[in-house]
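Enquirer: My questions concern the predicted model and sequence given below.
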Amino acid sequence: MSKISEVICAPVTPLGFSAIAVIRLSGKGCIELVANHFSQSQKLLSSPSHNLILGTFYAETGEPIDEVLISVFREPHSYTGEDVIEISCHGNPNLVNRILQTLLLSCRLAKPGEFTLRAFLNGKMDLSQAEAVNDLIQAQANQAEKAALMQLKGFLSKYLQELLARITELRIRFELAIDFADQDLPLPDSNALYQELLDIIKTAEELKSTGEQGRRLREGIKICLTGAPNVGKSSLFNALLQQNRAIVTPHPGTTRDYLEEYLSLNGFPIVIYDTAGLREFPDDIEKEGITKSYELMQESDLILYLVEATTVTNPNLQFSDLLSPSSIPPDLHSKTLVVFSKADLMQENTPQIFPGIYCSVITENGLKDLTDAISKRLMLNTELPNKPIIINNRHLVALSKCLQSLHRAKQCLKENQGYEFIAFELISASNALEEILGVITTDDLLDKIFSEFCIGK
Ligand SMILES: Nc1nc2c(c(=O)[nH]1)N(C=O)[C@@H](CNc1ccc(C(=O)N[C@@H](CCC(=O)O)C(=O)O)cc1)CN2
Ligand SMILES: Nc1nc2c(ncn2[C@@H]2O[C@H](COP(=O)(O)OP(=O)(O)OP(=O)(O)O)[C@@H](O)[C@H]2O)c(=O)[nH]1
Ligand SMILES: [Mg+2]
């Protein structure tokens, strides 16, 4: 415990010019440490928790560095559960560095994620909540932030704790049954135990089924723009991003390497790809680009296949003819949305032969229809349910492990195997859930999780 309490210090705001910058310290003795360099040292030493004090911060030489505002948090009432000081100084990176250098004469720089690691080790949050802190910082869109915030506030923890309690209770009932059998006492109603096991499995499955939604929030929903050369993929890419990101020219074969950008649609994070035009006889460079286009199509959640609206003149054409075999592989048709581009070039009164989305980046007609269609297709119109979502892959893996054990327990029960086998599987199921909450951890796991955090967090 004493090692944990060693004072650590780090800037918590990015080093750059800003209105204010904040430096944070945590650990036993950090209040005294800062008081040694502060004009209002008595006020600081006797300050209650959650208090602000204005004063001057001095260098080791006694030279004043800045006028600062100091926040005091006394253990255990702080983010880390230890004494914490936050120094708000003026947002000049040189001032921040001088204050930091002064502090580092008597403490050490915090490692990435070390403040949150301490919050976890001091029982301020469980591991899933600590991971949510980073997910919240990294989140790319409102809905991803919402999911991470719910996890930070313990929604997932509560759900898992309840599941864990039910598994434990069921296990105890099986263990009691083993004892009863030894003593020739009447056995409990095995049908009731079976029903409870089924119900637990259902609850765990329900949580696991949110994993796909979670993956989309974590990695972003992948949309790939594809089609023949020159159909207007890069132009549409730019229009959706509302910036001139991709090069557009009248020459087919302009885009060779793919481009990747992020946007948010209805609060969902989207990764959008502009790819090389598909053609049958490409040159060597294009060939590479096209291979990559096919890889991206495989990975994508949605493929937008562009066809120039003016080229669709044959009323006998079938929908499948549009997606000619040389363009989109048949197994990807179900996740393909056809978009008719350059709709402004259609003659007025030209019938739209295929029902579908006709759009133009010049007049901007149809762009809203396109984003609406994308939202509908990807089901982005629905608010996230007020239920926990598994957004972390480590959690999904552990939950799958838990479910495997629960299913094995069910199998044992069906095959009338001994209750001790079932109890064993239920222990494995509990252990898997406890991995998520960090009840049992290894240094390697903690290192891996917290090293992905930024410094000062
Ligand atoms: N300035 C500042 N802003 C911040 C943080 C911070 O540490 N400092 N946070 C994080 O980096 C987040 C807020 N999280 C926090 C969580 C708990 C406590 C805290 O003092 N908890 C005490 C008292 C609780 C209470 O009064 O209700 C406790 O848990 O006992 C502070 C910040 C976001 N904004
Ligand atoms: N009239 C009209 N022209 C368009 C529209 N969209 C794109 N274009 C033009 O079509 C040409 C090709 O556009 P790009 O966006 O480069 O097409 P691309 O599909 O990315 O082409 P490659 O990268 O070569 O495969 C350019 O001259 C664009 O200005 C549109 O909606 N209306
Ligand atoms: Mg292009």
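Expert: It's in. Ligands and ions are numbered 1, 2, ... in the order given.

Enquirer: tally of neighbours for the residue in the stretch 301-450 of the chain positioned nearest to ligand 3?
Expert: Shortest the stretch 301-450 of the chain-to-ligand 3 distance, computed as C-beta to the ion: residue-wise this is L306, at 10.1 Å. (Glycine included, C-beta is placed from N, CA and C.) Taking other C-beta atoms under 10 Å as the neighbour definition, L306 ends up with a count of 23.

Enquirer: what do you get for the one 10 residues further on?
Expert: Around N316 sit 6 other residues, with neighbours defined as other C-beta under 10 Å.

Enquirer: Burial check on D369, number of neighbours?
Expert: The number of residues packed around D369, counting by other C-beta under 10 Å, is 14.

Enquirer: ok so it is a strand residue?
Expert: No. Following the definition DSSP: H, G, I helix; E, B strand; the rest coil, D369 is helix and is not counted among the residues of a strand.

Enquirer: For the spatially closest residue to it that is not a sequence neighbour, what are phi and psi?
Expert: Among residues not flanking D369 along the chain, I357 sits closest, at 5.3 Å (C-beta to C-beta, 6 or more residues apart in numbering). For I357, the backbone dihedrals (degrees, to the nearest 10) come out as phi -100, psi 120.

Enquirer: Next, please give the residue ranges for the strands of the stretch 301-450 of the chain.
Expert: Taking DSSP state E, counting those that start in this stretch as the criterion, the stretch 301-450 of the chain carries its strands at 302-308, 336-341, 357-358.

Enquirer: which residues touch R216?
Expert: Applying C-beta atoms under 8 Å, 6 or more residues apart in numbering to R216 gives the contacts 268-269, 301.

Enquirer: For beta bridges, what are the partners of the residue nearest to D369?
Expert: In this structure, I357 bridges to V339 when assessed by DSSP bridges.

Enquirer: check contacts around it.
Expert: 337-340, 366, 369-370, 373.

Enquirer: any idea how far it lies from A19?
Expert: Per C-beta to C-beta, to the nearest Å, I357 is found 45 Å from A19.

Enquirer: cool, and G277?
Expert: Look at G277 and A19: by C-beta to C-beta, they are 48 Å apart.

Enquirer: Burial check on the residue lying closest to Q143 once chain neighbours are set aside, number of neighbours?
Expert: Of all residues beyond its chain neighbours, the one nearest Q143 is G267 (4.1 Å), with distances taken as C-beta to C-beta, 6+ apart. Neighbour count of G267, defined by other C-beta under 10 Å: 15.

Enquirer: about what we covered before: which one of the contacts of I357 sits closest to R218?
Expert: Sorting these by distance to R218 puts L337 at the head of the list, at 23.4 Å, by C-beta to C-beta.

Enquirer: Pull the contacting residues for the closest one.
Expert: With C-beta under 8 Å, 6+ apart as the criterion, the residues that contact L337 are 302-305, 357, 373-374, 377.

Enquirer: go with 7 Å
Expert: 302, 304, 373, 377 (C-beta atoms under 7 Å, 6 or more residues apart in numbering).

Enquirer: swap in A148?
Expert: 132, 135-136, 139, 391.

Enquirer: what about it, is that helix, strand or coil?
Expert: Here A148 is helix, with the state taken from three-state DSSP.

Enquirer: Let me see the confidence value for it.
Expert: Per-residue confidence (pLDDT) for A148: 95.

Enquirer: Can you give me the separation between it and ligand 3?
Expert: Look at A148 and ligand 3: by C-beta to the ion, to the nearest Å, they are 35 Å apart.

Enquirer: Enumerate the residues of the stretch 151-300 of the chain near ligand 2.
Expert: By C-beta under 6 Å from any ligand atom, the residues of the stretch 151-300 of the chain that approach ligand 2 are 229-235, 248-250, 252-255, 277.
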